[in-house]
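Asks: Fold the stuff below for me.
(chains A and B)
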Amino acid sequence: MIINHPILGPRDAQEFVYLGDANLINRPDGMSAGIEAFHDYLYNRDNPAGEHRELWYHEQGDRSWLVVTRNTVTHEITKVELARDVARAGGRSK
Amino acid sequence: MRYSGFRVIAEALTGHKGWKPVWRDPAPKAEYDYIIVGGGGHGLATAYYLAKEFRQARIAVLEKGYLGGGNVGRNTTIIRSNYLLDGNEPFYEFSLKLWEGLEQDFNYNAMVSQRGIINLIHTDAQRDAFTRRGNGMILNGADAELLSRDQVRSMYPWLNFDNARFPIKGALMQRRGGTVRHDAVAWGYARGADLRGVDLIQNCEVTGMRIEGGRIKGVETTRGFIGAKKVGVAVAGSSSKVMAHAGMRLPIESHVLQAFVSEGLKPLIDGVMTFGAGHFYVSQSDKGGLVFGGDIDGYNSYAQRGNLPVIEDVAEGGMALMPAIGRARLLRTWGGIMDMSMDGSPIIDKTHVEGLYFNGGWCYGGFKATPASGWCFAHLLAKDEPHKTATAYRFDRFLKGLMIDEKGQGAQPNLH
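Replies: Have a look, this model is predicted:
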């Protein structure tokens, strides 16, 4: 698979480490969210067959976190964003 | 029809005209007591034990494709019970004991071959860890043996013992481990279930679940609605898709695992060997092909094929361990979809829907578990309580902090 890095251009997926569902960005506040909500965040997944937004870390590159939109049935990658931009668009300050 | 040596001779003398189809091809009835979703190894074993051991009737197995067409037909056929943790080892040892009597039990030649499995040791720390694991196995009634470097050398003199990074210092051996003809397991269970009146319904995909007042009423399928008092789902690989029909999100990601077969070679490896440090394990099939594999690809996937980097990685692991295979050509590679769970261990449990039961999360170790998985799931379905060896395989273990994490990797499915 080739991941089209928004800054560095096309890079081999071998350079990246995979974390999983991009929803992991939206971690609930451990102090205010209930234990059920945190359990759901940490352990449960949508795990869709089809389009999946997921976190890849460019460990052997610029060390950026990316949100890659990839089809889990065909492995086709349709969109690559910086995770930072996605988090900010979702209201996070940094 | 009961199979026997006499039967084979009688058929040979009469032109093999007496063989019948091994199972029926029934149309679905309007309602059953039990519906098992998934006609793979685990689903068929569940139906078989439900009918045979738990004396239940009115059972159907629904399969979206053909029987045994999923992971039971795509794995590397290894059986073993070399786990460490209390939640796992009694269950896998129960499974290995069932394997040992399986062929007589279901009257089908599954080619169960207890040829022994060794896990290679490269460091003192690893020897300590394997000694502890071996003791854990023995405490749970399994067999385990620590081999010295010389003992390993006498078995496999052609291994690379002096690899600079991972020199071989010994091995943990389980002599009762081995291999089984995987397709025959599905066929044997299917035949055994069919003979006891279970309807095996193929080309019948579950497209929805009818749930009223918190209770399962049946399943919507591509062949119409089928009513049921109890529904058991055993569709590892597609668990999240099927359980989404009941509104559930699972502690599971689907990942692709590749497997490989070389061209046929003269007898070289008479057992099973794992080289965990190099992400490689291998055995030799009766046809002579080296059957081997390594790690999962590492990203969510429902495509039953992987990518080239993992093939390269596995080939490198193989070359590091056994340089002699350098000239052998790879005949086939393929991929199967694994339910990778959050702690690397399976789930056999009830759900929040009354009458709906779940069996999945087998990661890449589901084949060896097939008999015990079927037995324990049938136990849960018939008695509404878990079998004594499967009490730890609960959904709520993540909420309660009771994970069964053999590798200690945490909630990171692609590392288990």
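
Asks: Could you list the low-pLDDT ranges of chain A?
Replies: A:94 (pLDDT under 70).

Asks: How about chain B?
Replies: Judged by pLDDT under 70, no stretch of chain B qualifies at all.

Asks: Find the centremost residue of it, please.
Replies: Geometric centre of chain B, nearest residue: B:Phe367, 1.5 Å, by CA atoms, centre = their mean.

Asks: Which residues are in contact with the closest residue to chain A within chain B?
Replies: For chain B and chain A, the shortest gap (CB to the nearest CB) falls at B:Ser240, measuring 3.7 Å. From N, CA and C alone the C-beta is placed, and that goes for glycine too. Contacts for B:Ser240 were tallied using CB atoms under 8 Å, 6 or more residues apart in numbering or on different chains; they are A:Arg45, A:Asp46, A:Asn47, A:Pro48, B:Arg249, B:Leu250, B:Ile252, B:Ser254.

Asks: B:Glu93: which of those is nearest?
Replies: Proximity of the contacts of B:Ser240 to B:Glu93 (CB to CB) peaks at B:Ile252, which lies at 24.7 Å.

Asks: In contact with the closest one, which residues?
Replies: Contact analysis of B:Ile252 by CB under 8 Å, 6+ apart lists A:Arg45, A:Asn47, B:Ser239, B:Ser240, B:Asp339, B:Met340, B:Ser341, B:Met342, B:Gly360, B:Gly361, B:Pro413.

Asks: For these, which PyMOL command selects only the ones that are buried?
Replies: Only the buried entries of the contacts of B:Ile252 go into this PyMOL selection, using 16 or more other CB atoms under 10 Å in any protein chain shown:
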select buried, (chain A and resi 45+47) or (chain B and resi 239+240+339+340+341+342+360+361+413)
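
Asks: Inside strands: which ones of the contacts of B:Ile252?
Replies: B:Asp339, B:Met340, B:Ser341, B:Gly360 (DSSP state E).

Asks: mind listing what A:Ile3 touches?
Replies: A:Pro10, A:Arg11, A:Asp12, A:Ala13, A:Phe16, A:Trp56, A:Leu66, A:Val68, A:Ile77, A:Val80.

Asks: Quick one, which of these are buried?
Replies: Looks like the contacts of A:Ile3 have A:Arg11, A:Ala13, A:Phe16, A:Trp56, A:Leu66, A:Val68, A:Ile77, A:Val80 buried, using 16+ other CB under 10 Å.

Asks: Which residue is the nearest non-sequential neighbour of the second one?
Replies: Taking CB to CB, 6 or more residues apart in numbering or on different chains, and ignoring the residues beside it in sequence, A:Ala13 has A:Met1 as its nearest neighbour in space, at 4.0 Å.

Asks: Pull the number of nearby residues for residue 50.
Replies: With no chain named, the answer covers chain A. 11 (other CB atoms under 10 Å in any protein chain shown).

Asks: sorry, should have said chain B
Replies: Using other CB under 10 Å, B:Leu50 has 29 other residues around it.

Asks: Not counting sequence-adjacent ones, nearest residue to it?
Replies: B:Ala378 (4.2 Å).

Asks: Fine, thanks again, bye for now.
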